[in-house]
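K.L.:
Build me a structure from this.
(chains A and B)
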2 protein chains.
Amino acid sequence: MAAVLSPEKLSETHRRTLDQALEAIRTRGYWSPHPEHPKAYGEGGLPGSLGAAEGKAAFDAVLHTRLDLGQPGTDGWTGGEVSPYGPELGVEYPHAELDVLLPAMSAGMGAWRAAGPETRALVCLEILARISARTHELAHAVMHTSGQAFVMAFQAGGPHAQDRGMEAVAYAYEEQVRTPGAVDWSKPQGKRDPLQLHKSYTAAGRGISLLIGCNTFPTWNGYPGLFASLATGNPVLVKPHPRAVLPLALTVRLAREVLSEAGFDPNLVALAAERPGEGIAKTLAVRPEIRIIDYTGSTAFGDWLEANARQAQVYTEKAGVNTVVVDSTDDYRGMLSNLAFSLSLYSGQMCTTPQNLLIPRGGITTEAGTKSYENVVADIAEAVNALLGDDARANGLLGALVNPDVKARLEAAADLGDVALASRAVANPDFPDAVVRTPVIVKLDGTKPDDGAAYLSECFGPVSFAVAVDTTSDALDLLRRTIREKGAMTVGAYTTSAEVEQALETVCFDESAQLSLNLTGGVFVNQTAAFSDFHGSGGNPAANAALCDGAFVSNRFRVVEVRRQA
Amino acid sequence: MAAVLSPEKLSETHRRTLDQALEAIRTRGYWSPHPEHPKAYGEGGLPGSLGAAEGKAAFDAVLHTRLDLGQPGTDGWTGGEVSPYGPELGVEYPHAELDVLLPAMSAGMGAWRAAGPETRALVCLEILARISARTHELAHAVMHTSGQAFVMAFQAGGPHAQDRGMEAVAYAYEEQVRTPGAVDWSKPQGKRDPLQLHKSYTAAGRGISLLIGCNTFPTWNGYPGLFASLATGNPVLVKPHPRAVLPLALTVRLAREVLSEAGFDPNLVALAAERPGEGIAKTLAVRPEIRIIDYTGSTAFGDWLEANARQAQVYTEKAGVNTVVVDSTDDYRGMLSNLAFSLSLYSGQMCTTPQNLLIPRGGITTEAGTKSYENVVADIAEAVNALLGDDARANGLLGALVNPDVKARLEAAADLGDVALASRAVANPDFPDAVVRTPVIVKLDGTKPDDGAAYLSECFGPVSFAVAVDTTSDALDLLRRTIREKGAMTVGAYTTSAEVEQALETVCFDESAQLSLNLTGGVFVNQTAAFSDFHGSGGNPAANAALCDGAFVSNRFRVVEVRRQA
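P.N.:
Numbers count the residues shown, from 1 in each chain, chains lettered A, B, ... in the order given. Presented below is the predicted three-dimensional model:
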């Protein structure tokens, strides 16, 4: 049977987008092919896409069903997701017998390699287009596994995640085609005939790539590794977080559908859902067939993977402690509202949310005069209260706590120091079982060793520490120590001093951390844009990889050269 | 004091060469800026270069002296190299107090980072130009540490090593400039004002890079890592093999001279020579300041580094077992002479020398009829004898055994099976103490498990195994197993069958090994050309890195982004 999706057809549909993505990663201006607004989907919007009602209906239709992906080696069914908003999802997923599934995944690798970098990239773009068309459905799936509020689940779990996936495809393609497919090589030998060889260069994937998904951003954190590995010629086994299977299972289903239509083995992408307590990631991670691992999650398991999965290239995003240095500002109100939003968004459950606000004890200079440490802390607390005072708005920003661990940490945080802003429970009229909480801000002293135990650990969730430091210089020292010892996905800072700005840059260059300066408007330290911003640096303990750069893709394949006598 | 070497001056001298190198790595045709012929150096040749007599005089002048590099933290002197050709070199090198030297090396990193990718690349090219000008001197240093014959020491240790260094600079430069220095980012917001940020991107080195040199190819295997790290903003500490210090010490001297003249801290490049038995590599490898390691040497220590130097990016070239599959040929004489040369060059002491010749028991088809296994083995032995029959020619090809371990392995090899070609001692009239030996060829049976213990281990030195296999298909299976379990830097094959050729390619694609097919002329499986050939694949157990590709450079620095409210 001829493939429905021929290379010509794929090129016609997606080559221009690929070229735009390649241009975007080179120039890093704003670009995205995926609309952010929910109304851009459905009738009259993105062709072939599901609108709001259709997407919701598609999501509802999959609940309480068995999601049969047609995978080989299925030896049973597993599931059990419960939405952070309350409802049980009731979806059953295939459980895989690895000794059957893994060889089946490898079987299609030769044809996938032979297809070459361009066809692989275009197939990936078709998968992303199918995902994009079902953004409304996926938004509900992300919302009801991560606890994100709907608009965030829609944007971060939809277009932004798709952008990150496409960015990875662009990097993967560019990396593979920087070496030509073949060359005739001729080396002069003076008066004798030149030495001549015909040389071919083939990008060859390493083997099966394992994606270990996370609970909070199953698609956004999952797509880069998935598409980087697939585009470089590797089968991808998707092992979702047991609380966030559905968004990735739906993704796998679309990927398998496109691979089949394009004439490739659908088993190049498969799902590995696990039974409760099975801990399948640990088993899979050291299987010899697994040659690449992408992981987002705890530092403990990330470190374990790096130490033990020695047969694989391991890309990790682990925990970090994000800092904001508050030195001075000429837009005090703008700073307060920007910080309040950053602390509140998704209840601080982003790997990029600031945790430690370092504020000089003697206060900071602003356009409205000097503000003492106590003023600044009280004003941030007040800004958060103002932002979240309306319950409807609060629900829209906070979402729900993703799991009971976050709630427990939030409750324990109040005992760590003086509470500058207490957390409050917010009722969600649509989902009465949702656990919705506003952030707590706790005051700590940067010179007290006891307090260091708190602010030098990641306290994942809606918890921030207002850490009093003696001077900005001390703040810089603490920033350096925090990045070096604990890692950081983001660093923020407010200063009107060119000298302090330069010192901040030096710390971030030395310790390899991404810095946002004086954000007072509609961009927040915890948000990055694909094609322009790097997510993490890959150079401090929070993550060994950055999204997305050459290093993220260049070791997922190797170039195999064949030299022939000409 | 103004720098003697201004960025403008450097650009004038080297920018065009850099552009040519960038073009070469993209097109991979033949290119080299470093002349191969010894007569191209000195008066009337490469401007400013030392001729043969001057180079020899410079080498002689450094013998039995103390090579003071002016490094901080020098707490004594060490040395003790003895040429494989007999003479003691008698050079003393600084011994470093690490707690003084390492901080001194880090001190210059900020200015080196601020110089930017282009200036760093041009400074590296100036270092390479100074090295190139002293190729004759370095050739003697390589000869009298590695045991290579002079012409090989000249070419492989001179222009070819310099090519590999420049190739690494080109990759490093390209990788850093694929992200622009800055961009003004503007995201449309419908009817509202766009979101606007100014973003800067800085390539920031990781920290001190450690080069652990090898005995056989101190410059060729050392320059890629040295220049890749330096060009990406990292200080480089050079820890030579204790038997091969001089070539790298002279290199460090030139690098420090150029860095000073260009206005940078000379301590960005330093030497760590060790006292006998000190084992300083193990100490250095786990120091927190060391963030990158380049290593060539034994599998045991390479594996140890990968497992233990967890704070560093570790690039290793370890041992492998190189195979040649002999299936059929239409140029039997060409095949024999090509193989004879490959087995003889530098007494088989190249990481790329074939070890196992897999030959079907039933013989192979050639243009001169079928040749039995016994015929083929006898004819290869005869071809080696013919090549090395003349002692002067033999000395010029073989060089000297690099150390007593190689001699011991060679002597033991004769007991492993039937000897098809016995090794003989060759007298070297210029250096009576040199240990010069022709290769041994031992017959083994690919179906006997006992023989597998021999042919499935690397037997580094002038030892080859003529392994009888039942069929070519069995040879392919053994090839696959050998690459997968033991690694391979090279694979060679002779076949006239398109089917066998395709099967060979599939094995090499699957197992990630570089394949040379039907070489019968003046190119040999053990030689690779920078800018065109990859050295190793980085995808099998012989090496985790390839020279040179994106993966070799992309993780030596990280891009640090600074976002500012526009």
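K.L.:
how about the residues of the stretch 1-150 of chain A near chain B?
P.N.:
Within the stretch 1-150 of chain A, the positions adjacent to chain B are A:25-30, A:109-110, A:113 by C-beta under 8 Å from any C-beta of the partner chain. C-beta here means a position set from N, CA and C on the backbone, and glycine is covered the same way.
K.L.:
Quick one: buried ones out of these?
P.N.:
By neighbour count, with 16 or more other C-beta atoms under 10 Å in any protein chain shown, the residues of the stretch 1-150 of chain A next to chain B hold A:25, A:28-30, A:109, A:113 as buried.
K.L.:
Secondary structure for the residues of the stretch 1-150 of chain A next to chain B - can I get that in a markdown table?
P.N.:
A markdown table is the format used below for the residues of the stretch 1-150 of chain A next to chain B (DSSP: H, G, I helix; E, B strand; the rest coil):
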| residue | secondary structure |
| --- | --- |
| A:Ile25 | helix |
| A:Arg26 | helix |
| A:Thr27 | helix |
| A:Arg28 | coil |
| A:Gly29 | coil |
| A:Tyr30 | coil |
| A:Met109 | helix |
| A:Gly110 | helix |
| A:Arg113 | helix |
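K.L.:
coming back round to it: adding pLDDT, write the buried ones among the residues of the stretch 1-150 of chain A next to chain B out as TSV.
P.N.:
Formatted as TSV, these follow (pLDDT from 0 to 100):
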residue	pLDDT
A:Ile25	97
A:Arg28	97
A:Gly29	96
A:Tyr30	97
A:Met109	98
A:Arg113	98
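K.L.:
of those, closest to A:Asn338?
P.N.:
Ranked by distance to A:Asn338 (C-beta to C-beta), those are led by A:Tyr30 at 19.4 Å.
K.L.:
Which residue, other than its chain neighbours, is closest to the closest one?
P.N.:
Leaving aside its sequence neighbours, A:Tyr30 sits nearest to B:Lys187 (C-beta to C-beta, 6 or more residues apart in numbering or on different chains; 4.5 Å).
K.L.:
Look at A:Pro439 and say how many residues are nearby.
P.N.:
By the criterion of other C-beta atoms under 10 Å in any protein chain shown, A:Pro439 has 26 neighbours.
K.L.:
What sits closest to it if chain neighbours are left out?
P.N.:
In space, A:Pro439 is closest to A:Pro462, 3.8 Å off (C-beta to C-beta, 6+ apart).
K.L.:
Tell me if I'm right that that neighbour and A:Gly348 touch.
P.N.:
Yes. Counting by C-beta atoms under 8 Å, A:Pro462 does reach A:Gly348; the two are 4.0 Å apart.
K.L.:
what residues do these two have in common as contacts?
P.N.:
Common neighbours of A:Pro462 and A:Gly348, counting by C-beta atoms under 8 Å, 6 or more residues apart in numbering or on different chains, are A:Pro439.
K.L.:
what's the single longest strand in chain A?
P.N.:
Longest strand in chain A, counting residues (DSSP state E): strand A:192-205.
K.L.:
where does the residue of chain A most remote from its centre land on pLDDT?
P.N.:
Here chain A reaches farthest from its C-alpha mean at A:Lys191, the gap being 59.2 Å by C-alpha atoms, centre = their mean. What the model reports as pLDDT for A:Lys191 is 92.
K.L.:
Could you pull up phi and psi at it?
P.N.:
phi -80, psi -20 (degrees, to the nearest 10).
K.L.:
quick one: the helices in the stretch 251-400 of chain A?
P.N.:
A:280-285, A:299-308, A:332-344, A:373-388, A:391-398 (DSSP state H, counting those that start in this stretch).
K.L.:
deepest of the ones you listed, which one?
P.N.:
Per residue and on average, the most neighbours among the helices of the stretch 251-400 of chain A fall to helix A:332-344, with a mean of 22 (mean count of other C-beta atoms under 10 Å in any protein chain shown).
K.L.:
Any residue of the longest strand of chain A touching chain B?
P.N.:
Yes. Counting by C-beta under 8 Å from any C-beta, chain B is contacted by strand A:192-205 at A:195, A:197, A:199, A:201-202, A:204.
K.L.:
so what secondary structure elements neighbour that strand?
P.N.:
Packing partners of strand A:192-205 (3 or more C-beta pairs under 8 Å, 6 or more residues apart in numbering or on different chains; DSSP states H and E): helix A:109-133, strand A:182-189, strand A:557-565, helix B:498-511.
K.L.:
can you redo the ones you listed as TSV with distance to B:Leu210?
P.N.:
Compiled in TSV, those are given as follows (distance: least, C-beta to C-beta, whole Å):
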stretch	distance to B:Leu210
helix A:109-133	34
strand A:182-189	34
strand A:557-565	24
helix B:498-511	30
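K.L.:
Among these, which comes closest to B:Pro180?
P.N.:
Of those, nearest to B:Pro180 by C-beta to C-beta is helix A:109-133, at 22.7 Å.
K.L.:
Can you name the element that comes right after the closest one?
P.N.:
helix A:135-146 (DSSP states H and E).
K.L.:
which outside residues touch stretch A:410-418?
P.N.:
Under C-beta under 8 Å, 6+ apart, the answer for stretch A:410-418 is A:401, A:422-423, A:437, A:440, A:442-445, A:451, A:454, A:459, A:461-463, A:465.
K.L.:
dump the residue contacts of the nearest residue to A:Pro159 once chain neighbours are set aside.
P.N.:
In space, and not counting its chain neighbours, A:Pro159 is closest to A:His34: 3.5 Å by C-beta to C-beta, 6+ apart. A:His34 is in contact with A:132, A:135, A:158-160, A:162-163, A:166, counting by C-beta under 8 Å, 6+ apart.
K.L.:
Which among those count as buried?
P.N.:
The buried subset of the contacts of A:His34 (16+ other C-beta under 10 Å) comprises A:132, A:135, A:158-160, A:162-163, A:166.
K.L.:
Following element in sequence after the helix or strand of chain A with the lowest mean pLDDT, please.
P.N.:
Scoring the helices and strands of chain A by mean pLDDT, DSSP states H and E places helix A:449-455 at the bottom, with a mean of 91. Note on helix A:449-455: by DSSP H and E, the next helix or strand toward the C-terminus is strand A:463-469.
K.L.:
Would you agree A:Arg564 is in contact with B:Thr520?
P.N.:
No. Counting by C-beta under 8 Å, A:Arg564 does not reach B:Thr520; the two are 10.8 Å apart.
K.L.:
Of those two, which one has the most company?
P.N.:
B:Thr520 (18 against 15).
K.L.:
Just the pLDDT at the more buried one, thanks.
P.N.:
On pLDDT, B:Thr520 comes in at 97.
K.L.:
check contacts around it.
P.N.:
A:565, B:329, B:331, B:334-335, B:337-338.
K.L.:
And A:Arg15, by the same measure?
P.N.:
A:Leu122.
K.L.:
quick revisit: who wins for proximity to A:Asn395 among the helices and strands packed on strand A:192-205?
P.N.:
Going by C-beta to C-beta, the one of those nearest A:Asn395 is helix A:109-133, 26.7 Å.
K.L.:
mind listing what the residue nearest to A:Pro103 when sequence neighbours are not counted touches?
P.N.:
Nearest residue to A:Pro103, sequence neighbours excluded (C-beta to C-beta, 6+ apart): A:Glu289, at 7.9 Å. Residues near A:Glu289 by C-beta under 8 Å, 6+ apart: A:102-103, A:105-106, A:207-208.
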